[in-house]
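Asker: quick one, structure for this:
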Amino acid sequence: MITNVFIPELNNHDVQELFFQQDGATCHTARASIDLLKDTFGDRLISRFGPVNWPPRSCDLTPLDYFLWGYIKSLVYADKPQTHAHLEDNIRRVIADIRPQMLEKVIENWTSRLDYIRASRGSPMPEFIFKV
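Answerer: You can find the predicted model right below:
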């Protein structure tokens, strides 16, 4: 996937200033994967075994990790799709149903998390910080 899809797509974009961050899943931190990403991103790779260490509790830092993927997954699999086509239909439907107001709330929550991190000078965060 990295060599056949991801890197060729990157060739269509200017990535000289971009950092790439991945999660710490074992399959994502295999030596071959890290080496391919280092070749592309150099010292701008944020990973468990990359030049920039994976930030502690980073799932608290990104709205995609702490909210969106779990939210989407719970809805996509709610009716237990049995075919690839059914799964794709569910993904398309769930993504299309996301409203800007929900994303605005997610960004507000994310901003408050960043404010907390700044104020605490990087000390550990409580398990849950949510604004209702």
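
Asker: now do the helices in this protein.
Answerer: 7-10, 31-41, 63, 69-76, 84-97, 100-119 (DSSP state H).

Asker: how many neighbours does Leu45 have?
Answerer: 19 (other CB atoms under 10 Å). Bear in mind the C-beta positions are built from the backbone N, C-alpha and C, glycine included.

Asker: for Ser47, same thing?
Answerer: If you count neighbours by other CB under 10 Å, Ser47 ends up with 21.

Asker: do you know how far Gln22 is from Asp115?
Answerer: Distance, Gln22 to Asp115, by CB to CB, to the nearest Å: 26 Å.

Asker: does Pro51 touch Lys38 like I think?
Answerer: Yes - with contact defined as CB atoms under 8 Å, Pro51 counts as touching Lys38 (7.1 Å).

Asker: compare neighbour counts for those two and give me the winner.
Answerer: Higher neighbour count among Pro51 and Lys38: Lys38, with 17 against 14, using other CB under 10 Å.

Asker: so what's the nearest residue to that one once chain neighbours are set aside bridging to?
Answerer: Of all residues not flanking Lys38 in the chain, Leu45 sits nearest, at 5.7 Å (CB to CB, 6 or more residues apart in numbering). Leu45 has the following beta-bridge partners by DSSP bridges: Phe20.
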